[in-house]
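Asker: got a predicted structure plus its sequence, pasted below:
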Amino acid sequence: MENTLSPGLYIVATPIGNLGDITLRAVETLKGVAAVACEDTRVTGKLLHHLGIKQRLIRYDDHAGEHDRERLLALMATEPVALVSDAGTPLISDPGYRLVRTARERGIAVTSLPGPNAAVVALTLSGLPNDRFLFAGFLPNKAKAREDTLARLGQVPATLVFYETAPRLDASLAAIDAVLPGREVAVGRELTKKFEECRSGSPVELAAHYAAHPPKGEIVLLVAPPGDEPAGEVDVDALLLAALVESKASQAAASVARATGLDRKILYARAMELK
């Protein structure tokens, strides 16, 4: 393709897992720019290699400073420059906000190419109301800040959408159960990949499942809006049976006890009956 792109910044969404989700427009743009600004040159380099594209890569991540930004702005004033993240739509919980804002302030053309986004994929899979939703990035690391955030956002009449990591999922589910009791929750995991999963239920039910089946990969955590139908009473037998698939009775009882707060000895006795 002959380079017909005008100077400016081109925000290009890239696949979140399945490489087949790259758009034709994204491919043509990545071929036609003078350089690609990216979080990790190794990650973007693999994508470009898969697409058969050789391109100049410039690192632009969370640690980028004013000098890095000015270098890109100077280039895009005379040449087309693409901005990508490691996966998905740039700027959504990824670097790029200041670059776009400054480019606009200086009259540099900014073009955004729509494409994959984990939050939207999870929302459409979840079965939760999607006429209104609030994407809130990552929940805070500290317990008090996490609970305060949930209490504040929980009043918004919309499905809440968060990004989460596997090691923190249990703490976030516990916080949702404590602060927003009765809310249905959904967990989207490995989206667009071979082992894609979107599981819904109460925070306790999901916590028990993932205690028995430790999650891997990046996670999208969704919380139903206020006034939505409660998820219902916890089915202890169902939790134990799910845990017993891959765990001994003692381990299953322990995981369900952690998730529900019920007595471990009673749960162990019931697990032995269910085996």
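Answerer: Cool, the structure landed.

Asker: strands of the stretch 51-200 of the chain, start to end?
Answerer: 57-59, 80-83, 110-113, 133-138, 159-164, 185-189, 197-201 (DSSP state E, counting those that start in this stretch).

Asker: can you name every helix or strand that the third one contacts?
Answerer: In this structure, strand 110-113 makes packing contacts with strand 8-12, helix 24-32, helix 97-105, judged by 3 or more C-beta pairs under 8 Å, 6 or more residues apart in numbering; DSSP states H and E. (Each C-beta comes from the backbone N, C-alpha and C, glycine too.)

Asker: turn the strands of the stretch 51-200 of the chain into a markdown table, columns for mean pLDDT.
Answerer: Below are those laid out as a markdown table (pLDDT from 0 to 100):
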| stretch | mean pLDDT |
| --- | --- |
| strand 57-59 | 97 |
| strand 80-83 | 98 |
| strand 110-113 | 98 |
| strand 133-138 | 96 |
| strand 159-164 | 97 |
| strand 185-189 | 98 |
| strand 197-201 | 96 |
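
Asker: turn these into a markdown table, columns for distance to Arg152.
Answerer: Output for the strands of the stretch 51-200 of the chain, formatted as a markdown table (distance: least, C-beta to C-beta, whole Å):
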| stretch | distance to Arg152 |
| --- | --- |
| strand 57-59 | 35 |
| strand 80-83 | 31 |
| strand 110-113 | 29 |
| strand 133-138 | 10 |
| strand 159-164 | 11 |
| strand 185-189 | 18 |
| strand 197-201 | 23 |
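
Asker: which of those strands sits most buried?
Answerer: Most buried of those, by mean neighbour count (mean count of other C-beta atoms under 10 Å): strand 80-83, with a mean of 26.

Asker: in CSV, could you pull the C-alpha coordinates for that strand?
Answerer: Only the C-alpha atoms of strand 80-83 are listed here, as CSV (Å, rounded to 0.1, in the frame of the first residue of the first chain):
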residue,chain,number,x,y,z
PRO,A,80,1.9,9.9,10.6
VAL,A,81,2.5,8.1,13.9
ALA,A,82,0.5,5.2,15.4
LEU,A,83,-0.1,4.7,19.1
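
Asker: direction included, what does it pair up with?
Answerer: Sheet pairing of strand 80-83 (DSSP bridges) gives strand 8-12 (parallel), strand 35-38 (parallel).

Asker: dump these to a markdown table, plus mean pLDDT, mean neighbour count and distance to Ala151.
Answerer: Putting the strands paired with strand 80-83 into a markdown table (pLDDT from 0 to 100; neighbours: other C-beta atoms under 10 Å; distance: least, C-beta to C-beta, whole Å) gives the following:
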| stretch | mean pLDDT | mean neighbour count | distance to Ala151 |
| --- | --- | --- | --- |
| strand 8-12 | 98 | 24 | 34 |
| strand 35-38 | 97 | 25 | 37 |
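
Asker: out of those, the one nearest Ala118 is which?
Answerer: Nearest of these to Ala118, taken as C-beta to C-beta: strand 8-12 at 16.1 Å.

Asker: tell me what angle that closest one forms with helix 24-32.
Answerer: Angle, strand 8-12 to helix 24-32, by axes from the mean of the first three to the mean of the last three C-alpha atoms, to 10 degrees: 130 degrees.

Asker: fine, thanks again, bye for now.
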